[in-house]
Structure formats: C-alpha cells, structure tokens
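Enquirer: Here's a sequence, model it:
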Amino acid sequence: MKKEIKSFGKISLANIMAMFYGIIGFFVACFTFIFSFGSALVYGEENGAFLGFIFFNIGVAILLGLIVSIITAICGWILGLFIAVFYNMFAGRLSGIKIELEDVVEKEEKQKEKREEKRDIDEPKAKVEEKKEEKLESLI
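Expert: Numbers count the residues shown, from 1 in each chain. Just a heads-up that it's a prediction; the model follows:
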C-alpha cells in the first residue's frame, strides 16, 4: 500500500532533530574531553604545575562539551523547524515523499504460508528418502 507524506508537524520534527543533534553534540563533547585530557597528560609535565594544568583542561573540556551539546541541539531544533516549513511548503506543489507500507499481520500470514508450503514440499522428500533407506536395508 503506497502512501505519501503530505506534511510534517513543525514542532515535532524540530524536537526530534534537536534530540539527534544533541546526541551528536554529546559524542563530540566526549571526544573533545578525551583529546583534551590526552593533551593535558602529554604537555602538562613541561609547564610545571601538572595537576593544576590537568584539572584546568578537564574543566574546560567538560564546559566546552556541555556548551557544544547545547548549541548543536539548538541548531538541530532550528534546522528541523526550517526543514518542516520548507517541506510543507513544497510538498503540496511538487508531491510529498512516497513510501510503501505493509500491514504486519499480512506479512506474518505470508511468512506462515511460505513455511507451510516449504513443509509440504519437504515432507514428500523425507518420505522418498526413507523408502530409499528401507530398500538399501532390505538389500543388505
């Protein structure tokens, strides 16, 4: 059954996009933290105040990671809002995204029928093989 997406809810798409971008920002923050901590370990000994340097870099990395996560989530929300507005504007004129849907119940019934057909085909084969074995045993 073919369907067409005519429009998106602006706020709902913006919220979903913000969530995805926030998650991406979180992973960027994790990598930033790891690399910042690594650089603190490598270059910290040259400056003398090793512990202060490490804690400063860890603090900056956590703060930067938090800011990056929030900013990417906000950018994702704005981008999602723009995408929804433009899609809704052009989908009416050009046509929306076409998708093909299938009911799960129908799909399960088709799979069950295929299994039954396969079983019907396999059972006679098994009987033929049994008869062959019986003939071989009788010959021996």
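Enquirer: Where do the domain boundaries of this protein fall?
Expert: 2-101, 102-140 (automatic domain parsing).
Enquirer: Output those domains as a markdown table; include the columns mean pLDDT and mean neighbour count.
Expert: Yep, even glycine has a C-beta here, placed from its N, CA and C like the rest. Below are these laid out as a markdown table (pLDDT from 0 to 100; neighbours: other C-beta atoms under 10 Å):
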| stretch | mean pLDDT | mean neighbour count |
| --- | --- | --- |
| domain 2-101 | 81 | 14 |
| domain 102-140 | 72 | 9 |
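Enquirer: Where do the strands of this protein begin and end?
Expert: 2-5, 97-100 (DSSP state E).
Enquirer: nearest to E133, of these?
Expert: E133 lies closest to strand 97-100 among these, at 47.8 Å (C-beta to C-beta).
Enquirer: Could you name the helices and strands sitting against that closest one?
Expert: strand 2-5 (3 or more C-beta pairs under 8 Å, 6 or more residues apart in numbering; DSSP states H and E).
Enquirer: The strand it packs on pairs with which strands?
Expert: Paired strands of strand 2-5, with direction, are strand 97-100 (antiparallel) (DSSP bridges).
Enquirer: Give me the contact list for the strand it pairs with.
Expert: 1-5, 91 (C-beta atoms under 8 Å, 6 or more residues apart in numbering).
Enquirer: rerun that using 7 Å as the cut-off
Expert: Identification of contacts with strand 97-100 by C-beta atoms under 7 Å, 6 or more residues apart in numbering yields 2-5.
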